[in-house]
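Student: this one's sequence-less:
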């Protein structure tokens, strides 16, 4: 059979990308799936096949792993609400013809480009229970009774992390919201104004509906980004005190390097990945429904 | 623009990508290379263009390969940032003396280093010399079983134990697998200690005197130690700092007192499941942390302090005590050269058994058993641990040398640590090991006691439940 040269050309061009994708994405994922079916310490030549035991343990018998999902979800919920609300408000403010709005754009986008480790260390000193700026400020304001070791107190540690995460992350939402706002034609607002619509009405009936695809995009990025929070926690609490700031990735990391249970860590990673996949698919459906 | 021109379109911009073909690419390349080449190569076919593309890619890749006529050096992977400079000086000296090049490669921090070593082990890409960082013997045993670590037993035993005899016995012990070990690894020495360390309590002499304690002695008992919390607080001082956000530091403190109070046999029996964590002795251990919490001696938020932050607090004379390792001597010297401090063993809780402290080998190197030049690597380690080199390392980095002969004439503060080397204990010295999940729960449980959210009894119960659960889930 004669192979048509024209027919195979596209595949030849795709080949390098496919090879790279298969080498660095598909094959590692396959290895991860395979490893999750074994009990293995990551070094030993002997791997014991355990079937779905690792999955059963991760799903049914690991309360700390389950707790880590609750922690991750809580930070995500805070980020979805407060962080994104702040990002939207600031985007709306900068979208108006404020003097020096270019400077605001730069300032708001500074935290996201900083290293999470650096941010974590800076906030660590702000929150420090002995000589931290936050406690010092509270004391000067006559609120000394509020002073505490924010990252070591089980009642405040997770929320303190969430504040750092939101501070660092709102710039992303801000930029995307701003881009979305700039795509809404001014004519719509002018027409609504001529019809006597107030600013609140214009916001709810023009801005929000037209911005909804962007809101969904920002939401899903927030969910994926926040559920995978890791470096910030390593730089501040390491998951402590106790298990109070453990999140899914810190648990996977602990299983892999802390206790050398590579098979189990892979199973945890796949369970976690599947949950994020479900969120992503839900978002895609929602986006399809809301996109005109 | 002098780069590769954009491909020609036959049907306008809207379908540029769809219509892009090898013919377009050929035209582009001809334009890019210039008309003369284009004319000469007017017969460039599809295969020819593809060949050009693959040539460019492959030459790019081949360009990544090192091309040097110099002899391949012995490679040493380490994560010891403070010793990097000294290592390079020693490598230069070794090359001058023997003609053999050695390249020290630093990969830090430790967890990154560990990942690198594990990854390299998977593809047999380990260098001639490296470290197995984990404190647990099972980790070293795994590397040995996988054939990544050379047994040094024979070399150590040559000439009536000539090499073995130069080391502090405890430093060598943590690199030695004993006969009948639970990992079924042939007994013998598998690692070469470079220096030795232990973890003790540093105290600021000036601040201690301010608390009314003789700075030459320090508190002699646990009760005296705890009592200082109140007076430290009254004077606005932090009592004790340590990096107890790092679980292993908590583990050091706890295991010191566990072995002091119970002896190694009973601790080992607990690991084997013969003694319960709800045993009264273990409850006493957990209660020590409750006492520390209630005494006011601990730094605010000690469970969120990394050791680096704890070191800064002590070096800045904010804290009276610091629970820290031998490396602290060098760290404090760098942070505050005028700091006047002493070193003491953790204060004993009982008098019937001597106090112990966590320690042994500070850094150890192993030789890759699969490396063709393993014998040269062993020879280099013999040279590196000889007295002159060990003295040079000590001078440069303020660590206690693993070679006992080089440990004479140490500065006063280091000598205090060296004197207590015989009182050190280390997890690798136990013939059985506790499960990693239980170890983590043990350390996190102590954090929970320190923040006042759990009692010693609750933690003991939790550990027992966890141990039973782990046993039931264990796959034989």
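Tutor: Alright, I've got the coordinates. All of these numbers come straight from a predicted model, not from anything done at the bench.
Student: Please state the backbone phi and psi of residue B:188?
Tutor: Main-chain dihedrals, residue B:188, degrees, to the nearest 10: phi 150, psi 180.
Student: Surely it touches residue B:153?
Tutor: Yes. At 3.2 Å, residue B:188 counts as touching residue B:153 under the criterion of CB atoms under 8 Å. Backbone N, C-alpha and C define where each C-beta goes, glycine included.
Student: what's the spacing between the most centrally placed residue in chain B and chain A?
Tutor: A centroid search over chain B (CA atoms, centre = their mean) returns residue B:133, at 4.7 Å, as the residue closest to the centre. In this view, residue B:133 and chain A are 10 Å apart by CB to the nearest CB, to the nearest Å.
Student: cool, residue B:101 as well?
Tutor: When residue B:101 is compared with chain A (using CB to the nearest CB), they lie 29 Å apart.
Student: For that residue, what are phi and psi?
Tutor: The phi and psi values for residue B:101, taken as degrees, to the nearest 10, are phi -80, psi 140.
Student: ok, and the closest non-adjacent residue to it?
Tutor: Leaving aside its chain neighbours, residue B:101 sits nearest to residue B:73 (3.6 Å; criterion: CB to CB, 6 or more residues apart in numbering or on different chains).
Student: who does the helix or strand where residue A:218 lies touch, helix- and strand-wise?
Tutor: Using DSSP states H and E, the element containing residue A:218 is helix A:208-227. Of the remaining helices and strands, those touching helix A:208-227 by 3 or more CB pairs under 8 Å, 6 or more residues apart in numbering or on different chains; DSSP states H and E are helix A:63-78, helix A:84-95, helix A:157-181, helix A:262-290.
Student: So for stretch B:186-196, mean pLDDT?
Tutor: Here the mean pLDDT over stretch B:186-196 is 94, rounded to a whole number.
Student: Can you pull out the low-pLDDT segments for the chain?
Tutor: Chain wasn't specified; assuming chain A. For chain A, the stretches with pLDDT under 70 are A:1-3, A:290-292.
Student: To clarify, I was referring to chain B.
Tutor: Across chain B, residues meeting the criterion (pLDDT under 70) sit at B:1-70, B:135, B:474-476.
Student: Am I right that residue B:180 sits in a strand?
Tutor: No. Under DSSP: H, G, I helix; E, B strand; the rest coil, residue B:180 falls outside any strand and is assigned coil.
Student: OK, contacts around it?
Tutor: B:187, B:431 (CB atoms under 8 Å, 6 or more residues apart in numbering or on different chains).
Student: Next up, phi/psi of it, please.
Tutor: Summarising the backbone geometry of residue B:180 under the convention degrees, to the nearest 10, its torsions are phi 80, psi 20.
Student: again, but for residue A:39
Tutor: Torsion angles, degrees, to the nearest 10, at residue A:39: phi -100, psi 120.
Student: what about it, distance to residue A:76?
Tutor: Distance from residue A:39 to residue A:76, counting by CB to CB, to the nearest Å: 32 Å.
Student: More neighbours: these two, which one.
Tutor: Neighbours of residue A:39 and residue A:76, each counted by other CB atoms under 10 Å in any protein chain shown, are more numerous for residue A:76; the result is 24 against 19.
Student: Hmm, residue A:224 and the more buried one touching each other?
Tutor: No. Between residue A:76 and residue A:224 no contact is recorded; they are 9.3 Å apart, counting by CB under 8 Å.
Student: before we move on, back to that, for residue B:330, which of the helices and strands packed on helix A:208-227 is the nearest?
Tutor: In terms of CB to CB, the element of those nearest to residue B:330 is helix A:157-181, at 31.7 Å.
Student: Who are the packing partners of the one helix or strand residue A:122 maps to?
Tutor: Using DSSP H and E, residue A:122 sits within helix A:116-127. For helix A:116-127, the packing partners by 3+ CB pairs under 8 Å, 6+ apart come out as helix A:133-140, helix A:157-181, helix A:231-236.
Student: Following element in sequence after the second one, please.
Tutor: I take that to be helix A:157-181. Helix A:157-181 is succeeded, C-terminally, by helix A:186-194 (DSSP H and E).
Student: packing partners for that next one?
Tutor: Counting contacts by 3+ CB pairs under 8 Å, 6+ apart, the secondary-structure elements packed against helix A:186-194 are helix A:199-202.
Student: what's the helix it packs on in contact with?
Tutor: Outside helix A:199-202, the residues that touch it by CB under 8 Å, 6+ apart are A:189, A:192, A:193.
Student: Format those as JSON lines; extra columns: neighbour count.
Tutor: Supplementary listing: these in JSON lines, determined by neighbours: other CB atoms under 10 Å in any protein chain shown:
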{"residue": "A:189", "neighbour count": "16"}
{"residue": "A:192", "neighbour count": "16"}
{"residue": "A:193", "neighbour count": "12"}
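Student: So which of the residues you listed is the closest to chain B?
Tutor: Nearest to chain B out of these is residue A:189 (CB to the nearest CB; 32.4 Å).
Student: Contact partners for that closest one?
Tutor: With contacts taken as CB under 8 Å, 6+ apart, residue A:189 has the following neighbours: A:202, A:206.
Student: what's the spacing between it and residue A:178?
Tutor: Plainly put, residue A:189 is 16 Å away from residue A:178 if you go by CB to CB.
Student: quick one on the thing from earlier: buried residues in the helix holding residue A:218, which are they?
Tutor: By 16 or more other CB atoms under 10 Å in any protein chain shown, the buried positions in helix A:208-227 come out as A:210-223, A:226-227.
Student: just those now: which is nearest chain B?
Tutor: Nearest to chain B among those: residue A:226, at 21.0 Å, using CB to the nearest CB.
Student: Verify the stated contact: the closest one with residue A:79.
Tutor: Yes. In this structure residue A:226 lies within contact range of residue A:79 using CB under 8 Å: 4.7 Å.
Student: Now the common contact residues for these two.
Tutor: Once CB under 8 Å, 6+ apart is applied, the residues that residue A:226 and residue A:79 both contact turn out to be A:165, A:169.
Student: Next, the contact list for the residue nearest to residue B:316 when sequence neighbours are not counted, please.
Tutor: Closest residue to residue B:316 in three dimensions, ignoring its sequence neighbours and counting by CB to CB, 6+ apart: residue B:336, at 6.8 Å. Contact analysis of residue B:336 by CB under 8 Å, 6+ apart lists B:315, B:316, B:317.
Student: Is whichever strand in chain B runs longest positioned near chain A?
Tutor: In chain B, ranked by residue count with DSSP state E as the criterion, the top strand is strand B:192-204. No. Strand B:192-204 stays out of contact with chain A when judged by CB under 8 Å from any CB of the partner chain, the minimum separation being 15.4 Å.
Student: next structured bit after that strand?
Tutor: Stepping forward along the backbone from strand B:192-204, the first helix or strand reached (DSSP H and E) is helix B:205-210.
Student: Identify the residues contacting that following helix?
Tutor: Here helix B:205-210 makes contact (CB under 8 Å, 6+ apart) with B:215, B:218, B:235, B:237, B:317, B:319, B:320, B:340, B:341, B:342.
Student: cool, stretch B:282-299 as well?
Tutor: By CB under 8 Å, 6+ apart, the list of residues contacting stretch B:282-299 from outside reads A:129-130, B:222, B:225-230, B:232-233, B:238-241, B:254, B:257-258, B:261-262, B:270, B:275-276, B:305, B:310, B:313, B:319, B:321, B:349, B:445-446, B:449-452, B:455-457, B:459-460.
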